[in-house]
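**Student:** got a predicted structure here, sequence first:
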Amino acid sequence: MKKKYLLLVLGSLFLSIALAQNKDEKGHTGTERIIQVDFNKEIGPLNTSFKECVGAGRANEGLRADWQQQLAIARKECGFKYIRMHGLLTDDMAVYSEDRNGNPQYNYQYVDALYDYIVSIGMKPFVELGFMPGALASGGKTIFWWRGNVTLPKDYKKWADLIRNLTQHFTERYGAKEVKTWYFEVWNEPNLKDGFWTGTQADYFKLYQYSARAIKSVNPAYRVGGPATAGAAWVPEMIDFCKNNSVPIDFISTHAYGVKQGFLDEHGSTGTVLDKNEWSVSGDVLNSRKQIQNSAIPGLELHYTEWSSSYTPSDPLHDSYHEAAYILKKLKQVGSAANSMSYWTFTDIFEEAGPRFTPFHGGFGLMNIEGIKKPAFFAYSFLNKLGGTELANRDSSSWACKDNRGDVQVLLWDYTYTLPDSVNNQAYYIKDLPAKTKGKVRVNLSHIPAGKYTMEIYKVGYRVNDAYTSYVDMGRPSQLTLQQVKKLKEQNGSPMAIQQIEIKPSGVFSRELDIRENDVILINLIKN
């Protein structure tokens, strides 16, 4: 069968990919994508900002046994190092009250139970300071089913005293050496005045100033930052404020989501639409890095403490196999621009709109309420299998790596935007969505050390580690039995193939694979 070769030049930051036309036995024409990697051509250490941090809904949910069990799985299989969540100071954590004379009373028993667990499994808190304790609040406005108070403090000195006391408590409980490795982030999305903050930008900067100085008064080496804004907002303004007023800041944090409009919709009632823009999310990250570099404090770290395809926990895109390829595409585009990209969130145990009543409801999580792994989970678990050294690779939709043992990994994907015009995510991604073929992909590796290897091939795609479509096949039951949960977990969580192979002294490995829209494939060669 003859093949014609052509060169497709990709724009922007990407290099070219070699493609070859071929026909299958039925005469269908497809494209063969070539990934060419030399074992000896190293780029350097693999950037792992993808697993530095992951999100969770609110602190009180972290006291649940099932939440903790899922976090342990995410930590083990995806390698996440930090976890960030809302509501550390909200009244259901019972942190702050006042006696009859208005004197502050501090209580950290629930915070300790949560943070002790996080530390015990080898993770660290990315401490979000919010929301306002009721006894310290200037008003009664709240957000979400669990009523996080979003008003200014009635007394900024009492707020600062609380933050100082909390920071000192962390130091005494975990030690300064440990707390120096944490991050302290002030508030959440204060630019959403109808959502998370009743004050102005100036009011937020005042809150930040009191908070940052309180933290640094305990230990100048502790890291504090913000503004934790929605839509990558306030970055230059935040830096200018801190510089002009000698307010300490160690990092910038902000958020981005991949839908066209809006910032807050816990019920999914507005109808979100995945943005066609090639650089949604990733373009924001690159721009934030540029804003920092052009600022008066160019060396600041950049943490995207929330990101995902959609900002509502009622978006079926989160459950779809499309999400896995979307995640990898965006992380590849971001590169090293951010110090962390914290996916929102690791679990569907998430109650902003109240407890959810169906197993798959478009929740943010990498796992659903019962701990069933979604395709998005496998995007991160595959990333975590990559070795520490990245290899040169001209293909823009893959990573090639090796580790100290001589094992080799190639993680590749296809990302195809399939959402029809004038259709929203809630109407489209809830369907059974068969994937069209994208032809062949050939992985060619050279100069691999000779010897025997175990080849593992992992895959995510339509009906492969695709729990949501399996759930659709069950008839979308409103509740799952224990047997159904077991079946969904067994169907979605194992390698596609395991094979013993031998690399000859020539050091050549070549494998051709079929690939469909939004497939994700990991080849792992383990040296025996």
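**Tutor:** Cool, got the structure.
**Student:** for the stretch 201-350 of the chain, what spans make up the strands?
**Tutor:** With DSSP state E, counting those that start in this stretch as the criterion, the stretch 201-350 of the chain has strands at 223-229, 251-257, 301-308, 340-343.
**Student:** any stretches of this protein with poor pLDDT?
**Tutor:** 1-31, 262-269 (pLDDT under 70).
**Student:** thinking again about what came up before, save the strands of the stretch 201-350 of the chain as TSV, and put in mean neighbour count and distance to L129 too.
**Tutor:** The C-beta positions use only the backbone N, C-alpha and C, and glycine is treated the same way. TSV is the format used below for those (neighbours: other C-beta atoms under 10 Å; distance: least, C-beta to C-beta, whole Å):
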stretch	mean neighbour count	distance to L129
strand 223-229	26	9
strand 251-257	26	12
strand 301-308	24	12
strand 340-343	26	16
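**Student:** to V111, which of these lies closest?
**Tutor:** Each of the strands of the stretch 201-350 of the chain has some distance to V111 by C-beta to C-beta; the shortest is strand 223-229, at 17.8 Å.
**Student:** packing partners of that closest one?
**Tutor:** In this structure, strand 223-229 makes packing contacts with strand 183-186, helix 201-218, helix 235-244, strand 251-257, strand 301-308, judged by 3 or more C-beta pairs under 8 Å, 6 or more residues apart in numbering; DSSP states H and E.
**Student:** swap the cut-off to 10 Å and go again
**Tutor:** strand 124-129, strand 183-186, helix 201-218, helix 235-244, strand 251-257, strand 301-308 (3 or more C-beta pairs under 10 Å, 6 or more residues apart in numbering; DSSP states H and E).
**Student:** need those in JSON lines (columns: distance to G55).
**Tutor:** Listed next are these as JSON lines, based on distance: least, C-beta to C-beta, whole Å:
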{"stretch": "strand 124-129", "distance to G55": "9"}
{"stretch": "strand 183-186", "distance to G55": "12"}
{"stretch": "helix 201-218", "distance to G55": "20"}
{"stretch": "helix 235-244", "distance to G55": "20"}
{"stretch": "strand 251-257", "distance to G55": "10"}
{"stretch": "strand 301-308", "distance to G55": "6"}
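**Student:** of these, which is nearest V508?
**Tutor:** When the helices and strands packed on strand 223-229 are compared by C-beta to C-beta, strand 301-308 sits nearest V508, at 38.9 Å.
**Student:** that closest one vs strand 223-229, what angle?
**Tutor:** 40 degrees (axes from the mean of the first three to the mean of the last three C-alpha atoms, to 10 degrees).
**Student:** from the chain's centroid, how far away is strand 301-308?
**Tutor:** Here the centre of strand 301-308 is set off from its chain's centre by 8 Å, with C-alpha atoms, centre = their mean, to the nearest Å.
**Student:** stretch 461-471 now?
**Tutor:** For stretch 461-471, the distance to the chain centre is 21 Å (C-alpha atoms, centre = their mean).
**Student:** out of the strands of the stretch 201-350 of the chain, nearest to H361?
**Tutor:** Among the strands of the stretch 201-350 of the chain, the nearest to H361 by C-beta to C-beta is strand 301-308 (15.1 Å).
**Student:** what strands flank that closest one, and is each parallel or antiparallel?
**Tutor:** With DSSP bridges as the test, strand 301-308 is paired with strand 251-257 (parallel), strand 340-343 (parallel).
**Student:** tabulate those strands (a markdown table), appending distance to Y110.
**Tutor:** Shown next, in a markdown table, are the strands paired with strand 301-308 (distance: least, C-beta to C-beta, whole Å):
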| stretch | distance to Y110 |
| --- | --- |
| strand 251-257 | 24 |
| strand 340-343 | 23 |
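**Student:** among these, which is nearest S309?
**Tutor:** Of all the strands paired with strand 301-308, strand 251-257 sits nearest to S309, with 6.9 Å by C-beta to C-beta.
**Student:** CA atoms only: put that closest one into PDB for me.
**Tutor:** Extracted in PDB, the C-alpha atoms of strand 251-257 (Å, rounded to 0.1, in the frame of the first residue of the first chain):
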ATOM      1  CA  PHE A 251       3.100  34.600  44.500                       C
ATOM      2  CA  ILE A 252       0.300  35.500  42.200                       C
ATOM      3  CA  SER A 253      -2.800  33.300  42.200                       C
ATOM      4  CA  THR A 254      -5.700  33.400  39.800                       C
ATOM      5  CA  HIS A 255      -8.200  31.200  38.000                       C
ATOM      6  CA  ALA A 256      -9.400  30.300  34.500                       C
ATOM      7  CA  TYR A 257     -12.000  28.100  32.900                       C
END
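**Student:** where do the helices sit along the stretch 1-150 of the chain?
**Tutor:** 65-78, 109-120 (DSSP state H, counting those that start in this stretch).
**Student:** pick the most deeply packed of these.
**Tutor:** helix 65-78 (a mean of 18; mean count of other C-beta atoms under 10 Å).
**Student:** how about A427, what does it touch?
**Tutor:** Neighbouring residues of A427 by C-beta atoms under 10 Å, 6 or more residues apart in numbering: 271, 316, 419-420.
**Student:** hmm, 8 Å instead?
**Tutor:** By C-beta atoms under 8 Å, 6 or more residues apart in numbering, A427 lies in contact with G271.
**Student:** ok, now which residue in this structure is the farthest from the centroid?
**Tutor:** What lies farthest from the middle of the chain is N101; by C-alpha atoms, centre = their mean that is 44.7 Å.
**Student:** any idea how far that one is from S49?
**Tutor:** Relative to S49, N101 is positioned 48 Å away (C-beta to C-beta, to the nearest Å).
**Student:** likewise for L286?
**Tutor:** 13 Å.
**Student:** need the overlap of contacts for these two.
**Tutor:** The contact lists of L286 and S49 share V334, where a contact means C-beta under 8 Å, 6+ apart.
**Student:** quick one: which of these two has more around it?
**Tutor:** S49 (20 against 17; other C-beta atoms under 10 Å).
**Student:** thought that one was touching A338?
**Tutor:** Yes. In this structure, S49 is within contact of A338 by C-beta atoms under 8 Å, at 5.4 Å.
**Student:** now the closest residue in space to D38 that isn't next to it in sequence: how far from G507?
**Tutor:** Once flanking residues are discounted, D38 sits nearest to S446: 5.1 Å by C-beta to C-beta, 6 or more residues apart in numbering. From S446 across to G507, the span is 6 Å (C-beta to C-beta).
**Student:** overlap in contacts, those two.
**Tutor:** Common neighbours of S446 and G507 (C-beta under 8 Å, 6+ apart) are F39.
**Student:** for K452, which residues count as its bridge partners?
**Tutor:** Beta-bridge pairing of K452 under DSSP bridges involves E502.
**Student:** let me redo that: P227
**Tutor:** P227 has the following beta-bridge partners by DSSP bridges: S253.
**Student:** in contact with it, which residues?
**Tutor:** Taking C-beta under 8 Å, 6+ apart, one finds 186-187, 190-191, 204, 208, 233-235, 238, 252-254 in contact with P227.
**Student:** ok, so of those, who is nearest N219?
**Tutor:** Using C-beta to C-beta, V186 comes nearest to N219 of the contacts of P227, at 16.5 Å.
**Student:** looking at the helices of the stretch 1-150 of the chain, which is nearest to W344?
**Tutor:** Among the helices of the stretch 1-150 of the chain, the nearest to W344 by C-beta to C-beta is helix 65-78 (13.1 Å).
**Student:** identify the residues contacting that closest one?
**Tutor:** Residues outside helix 65-78 that contact it (C-beta under 8 Å, 6+ apart): 51, 54, 56, 61-62, 80, 83, 117-118, 121-123, 346-347, 349, 366-367, 369, 371, 377, 380-381, 383-384.
**Student:** let's see that with 7 Å instead.
**Tutor:** 51, 54, 61-62, 80, 83, 117, 121-123, 346-347, 349, 366-367, 371, 380-381, 384 (C-beta atoms under 7 Å, 6 or more residues apart in numbering).
**Student:** centre-most residue in the protein?
**Tutor:** Y343 (1.6 Å).
**Student:** so who does the closest residue to it other than its chain neighbours touch?
**Tutor:** Once flanking residues are discounted, Y343 sits nearest to V54: 5.5 Å by C-beta to C-beta, 6+ apart. Residues in contact with V54 (C-beta under 7 Å, 6+ apart) are 74, 80, 83, 342-343, 346.
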